[in-house]
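Novice: sharing a sequence plus its predicted fold:
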Amino acid sequence: MAGPGFINVRLTADAWVEELRAILRDAGDYGRLTVGQGRRVNVEYVSANPTGPMHMGHCRGAVVGDALASVLEYAGYAVTREYYVNDAGSQVDTLARSAHLRYREALGETVTIPEGLYPGDYLVPIGRMLAKDYGDRYVTAPEADWLELFRTRTVAAMMDLIRADLALLGIHHDVFSSEAEVQAAGRVTAALDRLRADGLVYQGTLEPPKGELPEDWEPVEMTLFRATAFGDDSDRPVAKADGSLTYFGTDLAYHAQKAEDADELIDIWGADHAGTVKRIQAAVKALTAGQDGIGKPFDVKLVQMVRLLRGGEPMKMSKRAGNFVTLADVVNEVGKDVVRFTMLTRKADAQMDFDFAKVVEASKDNPVFYVQYAHARICSLHRKAVEAGMALPQPDLSLLDADEMALVKLAAQFPRIVEGAAANREPHRIAFYLGDLAAAFHAGWNRGNDDPSRRFLMVNDAAITAARLALADSIGQIIRNGLAIMGVAAAEEMN
RNA sequence: GCACCCGUAGCUCAGCUGGAUAGAGCGCUGCCCUCCGAAGGCAGAGGCCAGGGGUUCGAAUCCCUUCGGGUGCGCCA
């Protein structure tokens, strides 16, 4: 005993040697866990509105969600990657009208995009496509004739654009769910009827907000969900005074839909939606609670905004002018791996700066580079050994010294890191761990600079080289496994 | 006014399902480059973990509270 509640257990060197063998044997599967027990987890992320291409505001949520999905898979969950397409609100009508203008433009008109419509150039090719398909049939036709058609066509085209952007990041969702389809399938009515039967949906008016009262406040009767019964601060409207659904009204039914095929739900949201977390959690609890009164596990992970910098200077962006930085621009400039890794170098709920200059910097304070560099060094050892014409025997791992075994101990923590990252839904832990592991490996490498007898590659000693290469391989394997979870390629050479 | 997030080294941040002397990078100080890849390396200084209270054998970690930042706040999506 070493103090209360403490029992010191010292594993023998053999145990660590055995772990090293396990890393090399299990290779790409080392660190895979069964803690998920095959439970079905639905991870919904990105879900950007289909009104334009992906911009950098979407990027972090996309990467965090995707990496989280991978971590959970690695930990033994059955994961569904899902994207919710908001194709039912007034914004997609606005999109259709914007596309209609571009359609007229494609037929020769000179158009100006009025305030309130989407001015982006990305609608120009959509306009051309519509012109090609429909000729001048809808130029002067009343809106009712073309709105639905143009909406459908344009949303489909936008989703193609978004899927292409996501593919640049290596992100592919399993399921795309449509808000319009959730409504058309009668799921909203069904969900609201159920809740109404339980007294959780009712006609009523909301209390005016505390504090400063809005000028034009008038009590209005609408359809409300009793969110206060589940810890929210106020009941929340599911249908407006005119009877049309609110966003929340459909979202609630959508979550009920997801819950049908999943044991657990996770949403990845931008932090600007933090204010609506409680109501959706209340809704999921109400809709999924069984006889025990406990709903299905449902986490909402908030992802903070990313500030874009170039050489320390914030980049000016104006959404109105439509000159936002697109995701494609950034990926094309710095590469998928840099974007993905960097997005995971901070915990999701902390704000982050993304500096175009720093993320590609080849230095020790750039973990993207440092981890890649470690892997490249490990790969280079084999090339060097071959060049030196060495014939390596079966490694005798008992030749490794205490410093080298310390590296094995760190590598052997990988499964626990995966477990923690999965349990806490924090994929950034993988990135930090890889940074630590890479640093430890580099330190080991550097020992060889001070003392040549401690180099990994000892041309005159095949036995020790074989053992040390086995050690290096195990580190390389862990780096590959970790990077694979993050969706980052492991470089074999640095340029 | 209410809710949520945050407050850890000079700076940027890890650590938070409670556990042994609180970690990293930058910056700072001092050494080190005929040497497997020095696009660096080693060592050191630097912290009442915002303040206060509580739970516990034990708290940066959990609870309450104060202060200080950020965000959101009736039928927008």
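Specialist: Looks like it arrived, so ask away. Numbering: from 1, shown residues only, chains lettered A, B, ... in the order given.
Novice: please see if the strand or helix carrying A:Asn446 touches RNA strand B.
Specialist: For A:Asn446, the enclosing helix or strand under DSSP states H and E is helix A:428-450. Yes. Contact of helix A:428-450 with RNA strand B (Cβ under 7 Å from any atom of the strand) involves A:428-429, A:432, A:435, A:439, A:442-450. No exception for glycine: its C-beta is placed from N, CA and C like everyone else's.
Novice: what sits closest to A:Asn42 if chain neighbours are left out?
Specialist: Closest residue to A:Asn42 apart from its sequence neighbours, by Cβ to Cβ, 6 or more residues apart in numbering: A:Ala262 at 3.9 Å.
Novice: and the one you found, how far from RNA strand B?
Specialist: Distance, A:Ala262 to RNA strand B, using Cβ to the nearest atom of the strand, to the nearest Å: 21 Å.
Novice: what of A:Ala422?
Specialist: Following Cβ to the nearest atom of the strand, the distance that separates A:Ala422 from RNA strand B is 9 Å.
Novice: tell me, how many residues neighbour that residue?
Specialist: Using other Cβ atoms under 10 Å, A:Ala422 has 26 other residues around it.
Novice: residues contacting the residue nearest to A:Asn42?
Specialist: Contacts for A:Ala262 (Cβ atoms under 8 Å, 6 or more residues apart in numbering) come out as A:Arg40, A:Val41, A:Asn42, A:Thr80, A:Lys296.
Novice: next step: these restricted to strands.
Specialist: A:Arg40, A:Val41, A:Asn42, A:Thr80 (DSSP state E).
Novice: which of those residues lies closest to RNA strand B?
Specialist: A:Val41 (16.5 Å; Cβ to the nearest atom of the strand).
Novice: the closest one is in contact with A:Ala75, isn't it?
Specialist: No. The criterion here is Cβ atoms under 8 Å, and A:Val41 misses it with A:Ala75 at 9.8 Å.
Novice: read off the pLDDT value for A:Lys285.
Specialist: Reading off the confidence values, A:Lys285 has pLDDT 90.
Novice: confirm the residue nearest to A:Asn42 sits in a strand?
Specialist: No. Using DSSP: H, G, I helix; E, B strand; the rest coil, the secondary structure at A:Ala262 is coil, not a strand.
Novice: that one and A:Ala286, how far apart?
Specialist: Distance check for A:Ala262 against A:Ala286: by Cβ to Cβ, to the nearest Å, it reads 17 Å.
Novice: ok, which stretches of the stretch 201-350 of chain A are helices?
Specialist: Applying DSSP state H, counting those that start in this stretch to the stretch 201-350 of chain A gives helices spanning A:247-260, A:277-288, A:327-334, A:336-343.
Novice: actually the stretch 351-495 of chain A, not the one I typed
Specialist: Using DSSP H, counting those that start in this stretch, helices in the stretch 351-495 of chain A cover A:367-387, A:402-411, A:414-423, A:428-450, A:462-486.
Novice: most tightly packed of those helices?
Specialist: Mean neighbour count (mean count of other Cβ atoms under 10 Å) peaks for helix A:462-486 among those, with a mean of 22.
Novice: where in the stretch 301-450 of chain A is pLDDT low?
Specialist: Low-confidence segments of the stretch 301-450 of chain A (pLDDT under 70): A:316-323, A:364-365.
Novice: need the residues of it near RNA strand B, please.
Specialist: Counting by Cβ under 7 Å from any atom of the strand, the positions of the stretch 301-450 of chain A adjacent to RNA strand B are A:302, A:346-347, A:349-353, A:362-365, A:373, A:376-377, A:380-381, A:384, A:419-420, A:423-424, A:426, A:428-429, A:432, A:435, A:439, A:442-450.
Novice: okay if I get the helices of the stretch 351-495 of chain A as JSON lines plus distance to A:Gly270?
Specialist: What follows is the helices of the stretch 351-495 of chain A, written out as JSON lines (distance: least, Cβ to Cβ, whole Å):
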{"stretch": "helix A:367-387", "distance to A:Gly270": "24"}
{"stretch": "helix A:402-411", "distance to A:Gly270": "35"}
{"stretch": "helix A:414-423", "distance to A:Gly270": "21"}
{"stretch": "helix A:428-450", "distance to A:Gly270": "17"}
{"stretch": "helix A:462-486", "distance to A:Gly270": "21"}
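Novice: out of the ones you listed, the one nearest A:Gly243 is which?
Specialist: For these, the distance to A:Gly243 is smallest for helix A:414-423, at 43.4 Å, taking Cβ to Cβ.
Novice: what packs against that closest one?
Specialist: helix A:56-74, helix A:428-450, helix A:462-486 (3 or more Cβ pairs under 8 Å, 6 or more residues apart in numbering; DSSP states H and E).
Novice: fine by me, we can end here.
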